[in-house]
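K.L.:
here you go, sequence then predicted model.
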Amino acid sequence: MRRRTRGAGVNPLICPRCGEYTDHPRVDTSGAAGAVLCCARCGHREPFRRLPLFCVTGPSGTGKSTVARRLLDRLAADYVVLEQDLLWTGGLRDSGTEHPLFRSTWLRTAAMIQQNGRPVVLCGTVVPPEFEDLPERALFSRISYLALMCEPDALAARLRARPAWRQWDEPRIAEMLDYTRWIQETAHEMDPPVTLLDTTDESAEATAERVARWVLGASAEDSGANGGVAGNAAGRR
């Protein structure tokens, strides 16, 4: 069998030598050759593509899903664009306020996808405290956050206009407006800080273009720090 030279197999949580499973992946980034996954049981070391993750986040109604569709044309050659709500189903709708099972599942999924050599752009509501403290965070070189925002009156109008099955009643809209204010007030204090982008008076096309530029710019910063596939992707633009 030909030996793999890059990538840790399909599942970075399972050792390809001994088959041990872990919920707390160990990643060694001290070597000049790049990141290595380390098995705590047998000591096996496997090269691992540890790329950046780009989160296009923000409150409901700010345009994340609409922008995600338009990002495909702009970024699909070098990135994998995914919508987070795809997995908001069944047992992943855990009751915790930060939804750790849902968040961990997405980090694991993105870590598997990036072994194909392309970083993930994940579109959906999330803030740094919901990702940064999870064990799977070690599988990414960094996570960058861009929050789409909207003026309160416009945001409330967008939510009221949604189909009835989405159940946006007035109490739930009020909660989302409170959440929006919280993001605006604390974005700069989060670790890492969250970049804000106002979509109130901007077309979906214009917003998608600005988001694409943010992804490419963040990739360029990452390549300056450690090289890698993300940096190469930005360089080809």
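P.N.:
Perfect, I can see it now.
K.L.:
which SS class is Gln184?
P.N.:
For Gln184, the secondary-structure state derived from DSSP: H, G, I helix; E, B strand; the rest coil is helix.
K.L.:
mind checking pLDDT for it?
P.N.:
What the model reports as pLDDT for Gln184 is 97.
K.L.:
likewise for Gly9?
P.N.:
With respect to pLDDT, Gly9 scores 55.
K.L.:
in the chain, where is pLDDT below threshold?
P.N.:
1-9, 94-97, 223-237 (pLDDT under 70).
K.L.:
which residue ranges make up the domains of it?
P.N.:
Split into domains by automatic domain parsing, the chain comes to 1-48, 53-235.
K.L.:
roughly how far does Pro192 sit from Ala218?
P.N.:
For Pro192, the distance to Ala218 equals 11 Å [C-beta to C-beta, to the nearest Å]. Glycine gets a C-beta too; all of them are placed from N, C-alpha and C.
K.L.:
kindly report the same for Ala156.
P.N.:
Distance, Ala156 to Ala218, using C-beta to C-beta: 31 Å.
K.L.:
skipping its backbone neighbours, what lies nearest Tyr179 in space?
P.N.:
Pro59 (5.6 Å; C-beta to C-beta, 6 or more residues apart in numbering).
K.L.:
now the domains of the chain as a markdown table including mean neighbour count?
P.N.:
Output for the domains of the chain, formatted as a markdown table (neighbours: other C-beta atoms under 10 Å):
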| stretch | mean neighbour count |
| --- | --- |
| domain 1-48 | 14 |
| domain 53-235 | 17 |
